[in-house]
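*Asks:* here's a sequence, model it:
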Amino acid sequence: MNKYAVVRIGGRQYKAEEGKELLVDKLVDIKGFETEVLMFVDGEKVKVGKPVLKDVKVALKVVTELEKGEKIEVYKFKAKSRYRKHTGFRPQYTRLLVEKIS
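*Replies:* Numbering: from 1, shown residues only. Okay, here's the model as predicted:
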């Protein structure tokens with residue numbers, strides 16, 4: 001069976017599996033970012049934190065410090081007033097490798 005953990009990084013929750021990569025929002029402090037383990041599943045055994053698990057650690061390695069996502073287009077339009085606006089942006093991400101869950 002699979003071994004995975006649900007972790008909180010930068011205020012969002014991600015499912016972390018050993019050997020897989022996570023695409024998280026850009027981390028400002030790469031050296032000292034915190035990961036809180038909220039849930040751990042090992043086959044049939046499930047541990048749920050209240051709110052976090054202290055004894056489970058997730059080892060993460062930064063693969064790419066800055067990676068740009070797909071461009072997001074935003075259009076604004078108001079009828080009968082000739083108001084049209086177009087903006088867009090590309091979100092910035094950090095790619096992390098889950099080395100070990102222990």
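*Asks:* do you know the pLDDT at the residue nearest to Thr94 when sequence neighbours are not counted?
*Replies:* Spatially, and ignoring its direct neighbours in sequence, Thr94 is nearest to Leu27 (4.7 Å; CB to CB, 6 or more residues apart in numbering). Quick note: C-beta positions are derived from backbone N, CA and C, even for glycine. Note for Leu27: predicted pLDDT of 91.
*Asks:* cross-check the contact I'm expecting between Pro51 and Leu38.
*Replies:* Yes: in this structure Pro51 lies within contact range of Leu38 using CB atoms under 8 Å: 6.8 Å.
*Asks:* please say which of these two ends up with more neighbours.
*Replies:* Using other CB atoms under 10 Å as the criterion, Pro51 and Leu38 rank with Leu38 on top: 18 against 8.
*Asks:* sheet partners, orientation included, of the helix or strand where the more buried one lies?
*Replies:* Element membership for Leu38, per DSSP states H and E: strand 36-42. Take DSSP bridges as the rule and strand 36-42 pairs in its sheet with strand 3-9 (antiparallel), strand 45-48 (antiparallel).
*Asks:* mean neighbour count and mean pLDDT added to these, as a markdown table?
*Replies:* Listed next are the strands paired with strand 36-42 as a markdown table, based on neighbours: other CB atoms under 10 Å; pLDDT from 0 to 100:
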| stretch | mean neighbour count | mean pLDDT |
| --- | --- | --- |
| strand 3-9 | 20 | 95 |
| strand 45-48 | 11 | 95 |
